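S.K.: structure of the sequence below:
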Amino acid sequence: MCRQVGLNELCLTLFYLDQIIALGLQPAAASAAPLRSDYARKFAAALDQNEQVDQIFSDETITGTVDTAFTGTSSRLADQLRAVAKLIGGHQMIGKQRQIFFVGQGGYDTHKLQVGDHPRLMKDLAGSLTAFHDALVALGKFGNTITFTASDFGRTLVPNGDGTNHAWGGHALIMGDPTATPVAGGLQFQGGQMFGDYPNLILDTESAACMSSDNQGRWIPQVASSEYAGRLAQWFGVPDAALFGLFPELKNFHADVGAFNAMAALKFMDA
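M.R.: Residues are numbered from 1 along each chain as shown. Here you go, the predicted structure:
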C-alpha cells in the first residue's frame, strides 16, 4: 500500500517497494510499465549490493584491522574513511578491481569564526587521513590507492573581519605511496613535494606579479580541475589516446597530450 507521507515521490517509491517485497518480483517481471520496472530493477540491485557489502563488513579480519587503525579517531569524515578502507580491503570478495569513493567534510565556508574553526577542521582531516593511511598499510592496499582532496571554491586572502569570503583557487592534498610499483597507468606517485606556484600576497591587480583577480585576494587557479582530474585518471589507467576525449576541456590549455604530460604542476604523478 502507499504510505501518505506528504511527498509524492517517496510515496510512489514505498508503494512499488512494498509490491516487490510482497511478490518477490524480479526487475524483468515486475511490470511492463517502464517506471514500475525501473523501480523494481533498482531495488533488486540495491538488495544485491547490500549483500555484497555485508560480506566485507562481516569479515572479522578486515573489520578488525581497519577498526584497530581508527582506534581513538571518530568523526563524520573518519567514519566515512573507515568504511571506505573496509571496502578497499575486501574488493576481491565482491569482484571489484577498480573502485572510486567520494567522502566529504563540511564546515569550510568560514565567513566567521575561522580562527577557531579552521584549526579544528585541519585536525580532523589530519587525524582521519592518518588513520586511513594506517588502515591501508595494514591491509596491504596503500601502494595501489590514491587519496586526494577537491573543493568547489577557495577563500579570500584578505579577511572580512571574523573570517574570509568565497574565492577561487586553493590547495589540494594528495596522498599515496612513492615506493609502490606503478599500477594500471604506469605513473608513480611523487610524495613529499609541493607542485604548482604558491600564491603570493600581492593584491595590486595592476602589478604583473599579482596572482589574484581582485584586491581581496581571490587567487587565480594555476591548475584547472580538468587537468588535476586528468592526471589522476592517467594513474587509474586511462590511456593518453583517450584523455582528451574524456576531458575535452584540456584542449583549452594544451595543444596535445605531450604538452599536458610535460606540465610541471602535474608531476605529482610521473612515469
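S.K.: in the stretch 1-150 of the chain, what residue spans correspond to helices?
M.R.: Secondary structure of the stretch 1-150 of the chain (DSSP state H, counting those that start in this stretch): helices at 8-23, 27-30, 34-57, 60-69, 76-89, 114-139.
S.K.: what's the most buried one of these?
M.R.: Comparing the helices of the stretch 1-150 of the chain by mean neighbour count (mean count of other CB atoms under 10 Å), helix 76-89 ranks first with a mean of 20. For every residue, glycine as well, the C-beta is placed using N, CA and C.
S.K.: give me the helices and strands touching it, please.
M.R.: helix 34-57, helix 60-69, helix 114-139 (3 or more CB pairs under 8 Å, 6 or more residues apart in numbering; DSSP states H and E).
S.K.: just put the ones you listed in a markdown table and tack on distance to Asn252 and mean pLDDT.
M.R.: Output for the helices and strands packed on helix 76-89, formatted as a markdown table (distance: least, CB to CB, whole Å; pLDDT from 0 to 100):
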| stretch | distance to Asn252 | mean pLDDT |
| --- | --- | --- |
| helix 34-57 | 37 | 86 |
| helix 60-69 | 41 | 97 |
| helix 114-139 | 31 | 97 |
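S.K.: and these: which comes nearest Arg82?
M.R.: Nearest to Arg82, of all those, is helix 60-69, at 5.9 Å by CB to CB.
S.K.: that closest one to helix 34-57, inter-axis angle?
M.R.: Compare the direction of helix 60-69 with that of helix 34-57 by axes from the mean of the first three to the mean of the last three CA atoms, to 10 degrees and you get 80 degrees.
S.K.: and helix 60-69, how far out from the chain middle?
M.R.: Helix 60-69 sits 23 Å away from the centroid of its parent chain (CA atoms, centre = their mean, to the nearest Å).
S.K.: so which residues make contact with it?
M.R.: Contacting residues not belonging to helix 60-69 are listed as 56-57, 82, 85-86, 89-90, 131-132, 134-135, 138-139 [CB atoms under 8 Å, 6 or more residues apart in numbering].
S.K.: mind redoing it with 6 Å?
M.R.: Arg82, Ala85, Lys86, Gly89, Gly90, Ala131, Asp134, Ala135, Ala138, Leu139 (CB atoms under 6 Å, 6 or more residues apart in numbering).
S.K.: for the third one, what are its contacts?
M.R.: The one in question is Lys86. Ile56, Ile62, Val66.
S.K.: find the nearest non-adjacent residue to the first one, please.
M.R.: Nearest-residue entry for Ile56: Gly90, 3.4 Å, with adjacent residues in sequence omitted and distances by CB to CB, 6 or more residues apart in numbering.
S.K.: shaky segments in the stretch 151-271 of the chain?
M.R.: Within the stretch 151-271 of the chain, no stretch has pLDDT under 70.
S.K.: can you map out the strands along it?
M.R.: Using DSSP state E, counting those that start in this stretch, the strands of the stretch 151-271 of the chain run over 174-175, 188-189, 269-270.
S.K.: would you mind finding the most buried of these?
M.R.: strand 188-189 comes out most buried of the strands of the stretch 151-271 of the chain by mean count of other CB under 10 Å, with a mean of 19.
S.K.: what about Val257, distance to Phe244?
M.R.: 7 Å (CB to CB, to the nearest Å).
S.K.: look up phi and psi at the closest residue to Arg218 other than its chain neighbours.
M.R.: Counting by CB to CB, 6+ apart, Arg218 lies nearest to Ala167, which is 4.2 Å off, once chain neighbours are set aside. The phi/psi pair for Ala167 (degrees, to the nearest 10) reads phi -140, psi -150.
S.K.: my read is that Ala167 contacts Ser151, right?
M.R.: No: using CB atoms under 6 Å as the test, Ala167 is too far from Ser151 to be in contact (10.5 Å).
S.K.: neighbour count for the two, which is higher?
M.R.: Ala167 (20 against 12; other CB atoms under 10 Å).
S.K.: sorry, back to before: I'd like the strands of the stretch 151-271 of the chain laid out as JSON lines, including distance to Gly143.
M.R.: Compiled in JSON lines, the strands of the stretch 151-271 of the chain are given as follows (distance: least, CB to CB, whole Å):
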{"stretch": "strand 174-175", "distance to Gly143": "12"}
{"stretch": "strand 188-189", "distance to Gly143": "9"}
{"stretch": "strand 269-270", "distance to Gly143": "14"}
